[in-house]
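Enquirer: I need the structure of the sequence given here:
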Amino acid sequence: MDPGCTCELCELKGLFVEKLEGEHLDIVCSGRVEKSFGKSEPIIREGALIRDFVYLKSGLVKLFRTDEAGKEQIITIAKPFDYISLLSVFSNDRYQYSVTALEDSVTCNLAMDDVKKMVRENGILALNLLKHMSRVADKIILDSLEIRKKHLRGRVAYLLIFFSQHVYFSPEYDLPLSRKEMAEYVGMTTENVIRSLSELRRDGILKIYGKTIHIMKLDILQSIAEFG
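Expert: Residues are numbered from 1 along each chain as shown. The predicted structure follows:
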């Protein structure tokens, strides 16, 4: 193994290469390529040939599809240590969705041919990947159902709490989505998102300074998210 390989120290080891050793770990260490993307830069384009297995090392990205009218539908938001190519890599030759950076992001890419070789030769790795694919699918389905059973303000509150508690771990953060993107994610119009944010600010539940959100009354926001 390359003594300069950092895969053994990376969170990627726990998620993907935990059970790799010998030749397979060498393949990952020597074959992986890190790529950097600026905010709003495309990482994966819908319809592009699948050549790499892509893991998000740092940053934040959105996965989305574009309909015939050019309207985007955000599928999910991916955080560090998520496999952002898992939804298509073993079922299609081309990506069925796009991925764009919401913040400066770094991916770790492995050639698909190498990944398929390891999957064929390592049953534990294959099972590990199946588990992760199932978790990704479950998250998308459950999040979608959870969001769409709520009223309008509840959907916005749910999204704000998600970023606060699962992405930035702070009551104050810069919202990575535009109002239009928020609407695309939670199935609302942009106007209704703006109206809901204004009402939450008016009621003293939030402070909003441009893109910066400061949650002032988390208990009330949680109640709106749960019962809204």
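Enquirer: count of neighbours near residue 192?
Expert: Using other Cβ atoms under 10 Å, residue 192 has 18 other residues around it. All C-beta atoms are positioned from the backbone trio N, CA, C, and that covers glycine.
Enquirer: and for the closest residue in space to it that isn't next to it in sequence, the neighbour number?
Expert: Nearest residue to residue 192 in three dimensions, chain neighbours excluded: residue 152, at 5.3 Å (Cβ to Cβ, 6 or more residues apart in numbering). Using other Cβ under 10 Å, residue 152 has 17 other residues around it.
Enquirer: now residue 64
Expert: Neighbourhood size, residue 64 [other Cβ under 10 Å]: 20.
Enquirer: and it, what does it touch?
Expert: Residue 64 sits next to 72-75, 97-100, 184 when contact means Cβ atoms under 8 Å, 6 or more residues apart in numbering.
Enquirer: which strand residues bridge it?
Expert: Applying DSSP bridges to residue 64 gives these bridge partners: residue 74, residue 98.
Enquirer: need the contact list for the residue positioned nearest the centre of the chain.
Expert: The chain has residue 78 as the residue nearest its centroid, 0.9 Å off, counting by Cα atoms, centre = their mean. Listed by Cβ under 8 Å, 6+ apart, the contact partners of residue 78 are 56, 60-63, 84, 99.
Enquirer: give me the pLDDT value at it.
Expert: In the prediction, the pLDDT value recorded for residue 78 is 91.
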